[in-house]
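Participant: Provided below are the primary sequence and the corresponding predicted coordinates.
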Amino acid sequence: MLWSFMMSLDGFVAGRHHSMDWMRTGGYRAEPGVIEGYVERTGAIIAGRDGWDSPVGHSPWGGAWQGPIFVLTHHPEDAEPVENVTFLHRDPAEVVQLALDAAGGKDIMVFSPNIGAQLLDLGLIDEIDLHIAPVLVGDGIRLYSKPDGAPIRLSPLADGDTTSTVRVRYRPVSSPAAPPAEA
């Protein structure tokens, strides 16, 4: 089970109301070949209703991938039917089993911060794959937020050192204008 997102440097995977404008206007993209690899290896997708209902939710990887999508929602009855999309109000672990059956031995991709966090708590996430964009969004939907939760240690796939950090260095391209001084 792969939980993958493009994320801002300050930890947001979407702006307010699932806005993805920061990605489009910034022109951010994954490394060459990454999306093609996802398309090839993914057999099913698990998504959340809020993300599905957002302007970009209906076309994984710009429409390059076609296959079964399972959308978790509290209200499947008011979802517009879409080919290959199943709207469910079920426990996320049950949906994982449905996705495994539908994936034909390929990967299952999780497209939801909330569902991904639930599956992580259940020990069902095998890998977290993040693409960090050089932008500070400031507000919106975080990849992971668990107030009062214990830290979850992760092991880098490259060398396995759980104490290793990743160094990212940026310089601001532009700064917001300073507010006018009060007289």
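Facilitator: On my side now, so go ahead.
Participant: what stretches of this structure score poorly on pLDDT?
Facilitator: Along the chain, the model assigns pLDDT under 70 to residues 55-57, 159-165, 174-183.
Participant: quick one: the helices in it?
Facilitator: 21-26, 34-41, 49-52, 92-103, 113-121 (DSSP state H).
Participant: Switch these over to JSON lines; also include mean neighbour count and distance to Leu154.
Facilitator: Yep, even glycine has a C-beta here, placed from its N, CA and C like the rest. Shown next, in JSON lines, are these (neighbours: other CB atoms under 10 Å; distance: least, CB to CB, whole Å):
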{"stretch": "helix 21-26", "mean neighbour count": "14", "distance to Leu154": "24"}
{"stretch": "helix 34-41", "mean neighbour count": "14", "distance to Leu154": "19"}
{"stretch": "helix 49-52", "mean neighbour count": "20", "distance to Leu154": "23"}
{"stretch": "helix 92-103", "mean neighbour count": "17", "distance to Leu154": "20"}
{"stretch": "helix 113-121", "mean neighbour count": "20", "distance to Leu154": "10"}
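Participant: Please render these as JSON lines that adds distance to Ser59 to the earlier fields.
Facilitator: Output for the helices of the chain, formatted as JSON lines (distance: least, CB to CB, whole Å):
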{"stretch": "helix 21-26", "distance to Ser59": "13"}
{"stretch": "helix 34-41", "distance to Ser59": "12"}
{"stretch": "helix 49-52", "distance to Ser59": "11"}
{"stretch": "helix 92-103", "distance to Ser59": "19"}
{"stretch": "helix 113-121", "distance to Ser59": "19"}
